[in-house]
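*Asks:* Next one to model:
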Amino acid sequence: MKIAIYAGTFIKDKDGVARTIYQLVSSFRKNGHTVVVWSPDVSKDDDHGGMTVHGMPSVPIPLYTDYRLGFFTDGTSRQLDAFEPDIIHISTPDLIGRKFLLYAQKHRIPAASVYHTDFPSYLQYYKLGFAEPALWKYLVWFYNTCDVVLVPSDSMQTRLGSRKIDNIEIWSRGIDRDLFDPSRRSADLRRKWDASGRTVFVYAGRFVHYKDIEIVMQVYNRFMQDGLNDRVRFVMIGSGPAEEEMKERMPEAVFTGYLTGLDLPVAYASGDVFFFPSTTETFCNVTLEAFASGLPCVVSDIGGCGELVKKSGGGVIARAGDTEDFYRICRSFLTEREKYFDMRQKGLAFAETKSWAVINNALISRYIELARTNPGNRRAFRPGADSRQEVPRLPG
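*Replies:* Next up is the predicted model:
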């Protein structure tokens, strides 16, 4: 099977979406399929294991310059014509994603899209709530034009279903258990953080207000006001436009910067509690990474993070936007050790069930089914190494 993938960014470990796409590409290739990726945001230092990756013309996105706005050109069409994909996988419903979808329609190729990011929920944080109806109108058209829309969680399936999007299936997320593991805990790193004898609260993600970082800063301040600064340490993993504001308001916190490779799982495992109040997550990969690293999680009751905690028992769910509720829960971890270890074990057990191989192989089988039954396929379909396996349901 030949799979064309459009990815808004294709830089390894840049964010949770990029890590998910890298894992999917790896699974496709391990199963004998051919993948070509198109993206406006590609690392020049990655040879992608010999796989073809087409960089696309692009410019930085205003006010969000870590990401790029790309353009679909006549050259992109010629590249797709030469590749002759059996299916097109679209990770982002932006201008390029729309062009890939229209190309699929024109050539009668099955198109699948993924609801990686809950873009409508961002608008309120940028005071653009007036644009939400127009955005949803476009998204409903876009996703209903696809053959299948993949969402990572039950809550997102419900959210899109309420908008009359009717071709939704669940493709969950996995975890690399060889990478994220409690054994990576580092006493040296904790000493570097001046965290010996303290409870370390870890945040990992973009420093942007739509991740509800205001709650993080306010909870930090409550610990300081109550004279508990010598009992806790806040470790902030990541970067983003609000970084300077956070450093100013959290002077005793540790800011690690953007971490990649082994540095990220070591930092996770060297913490004690994962604190992530975001309400805009479709799945919340970082919560799964924290579970696998042995950290109980404190999350919001809105979005995908709360769903993971509810299913696993690996943490506590607080009321979205309620600083005092988050603070009460976080403070309880300083004394309630039995509860802490119970949640830690439940989170670890849940992470063990989230193998990328199981999750992605089910998706691959679904794509084989779509490609095989496509009446417009322009060439003899060759499903690949796993063509004889039974097609299972996508796991939730």
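
*Asks:* ok, residue 52 - contacts?
*Replies:* Residue 52 makes contacts with 36, 37, as judged by Cβ atoms under 8 Å, 6 or more residues apart in numbering. Every C-beta, even on glycine, is put in place using the N, C-alpha and C of the backbone.

*Asks:* ok, now which residue in the protein is the farthest from the centroid?
*Replies:* Distance from the centre of the chain peaks at residue 227, with 35.6 Å (Cα atoms, centre = their mean).

*Asks:* Which pLDDT value does the model give that residue?
*Replies:* Listed pLDDT for residue 227 reads 97.

*Asks:* For the remainder of this discussion, apply numbering that starts at 20.
*Replies:* Taking 20 as the first residue, the last one we looked at is residue 246.

*Asks:* Which parts of the stretch 20-169 of the chain are helices?
*Replies:* Assigned by DSSP state H, counting those that start in this stretch, the helices in the stretch 20-169 of the chain fall at 35-49, 93-102, 114-126, 138-141, 151-164.

*Asks:* ditto for the stretch 220-369 of the chain
*Replies:* Shown for the stretch 220-369 of the chain, the helices assigned by DSSP H, counting those that start in this stretch span residues 232-244, 262-268, 282-288, 304-311, 323-331, 342-351, 356-371.

*Asks:* Next, the angle from the last one to helix 323-331.
*Replies:* Helix 356-371 and helix 323-331 are oriented at 100 degrees to each other (axes from the mean of the first three to the mean of the last three Cα atoms, to 10 degrees).

*Asks:* Now helix 356-371: buried residues?
*Replies:* Within helix 356-371, the residues scored as buried using 16 or more other Cβ atoms under 10 Å are 359, 362, 363, 365, 366, 367, 369, 370.

*Asks:* Turn the residues you listed into CSV, including pLDDT.
*Replies:* Shown next, in CSV, are the buried residues of helix 356-371 (pLDDT from 0 to 100):
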residue, pLDDT
359, 95
362, 98
363, 97
365, 98
366, 97
367, 97
369, 95
370, 94
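
*Asks:* Columns distance to residue 377 on top of those, output as JSON lines?
*Replies:* Below are those laid out as JSON lines (distance: Cβ to Cβ, whole Å):
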{"residue": "359", "distance to residue 377": "29"}
{"residue": "362", "distance to residue 377": "24"}
{"residue": "363", "distance to residue 377": "23"}
{"residue": "365", "distance to residue 377": "20"}
{"residue": "366", "distance to residue 377": "19"}
{"residue": "367", "distance to residue 377": "17"}
{"residue": "369", "distance to residue 377": "14"}
{"residue": "370", "distance to residue 377": "13"}
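
*Asks:* contacts for the least confident helix or strand in the chain by mean pLDDT?
*Replies:* In the chain, no helix or strand scores lower on mean pLDDT, DSSP states H and E than strand 83-89, which sits at a mean of 77. For strand 83-89, contacts defined as Cβ under 8 Å, 6+ apart pick out 27-28, 58-60, 75-80, 113-115, 258-260.

*Asks:* just for the chain, where's the confidence low?
*Replies:* For the chain, applying pLDDT under 70 flags the ranges 82-84, 394-415.

*Asks:* Buried residues, the least confident helix or strand of the chain. List them.
*Replies:* Of the residues in strand 83-89, 85, 86, 87, 88, 89 count as buried by neighbour count, 16+ other Cβ under 10 Å.

*Asks:* Any idea how many residues pack against the nearest residue to the last one once chain neighbours are set aside?
*Replies:* Nearest-residue entry for residue 89: residue 59, 2.6 Å, with adjacent residues in sequence omitted and distances by Cβ to Cβ, 6 or more residues apart in numbering. Residue 59 has 26 neighbours, counted by other Cβ atoms under 10 Å.

*Asks:* How about the contacts made by residue 59?
*Replies:* 27, 28, 74, 75, 76, 77, 87, 88, 89, 90, 115 are the contacts of residue 59 under Cβ under 8 Å, 6+ apart.

*Asks:* again, only using 10 Å
*Replies:* Applying Cβ atoms under 10 Å, 6 or more residues apart in numbering to residue 59 gives the contacts 25-29, 73-78, 80, 86-91, 111, 113-115.
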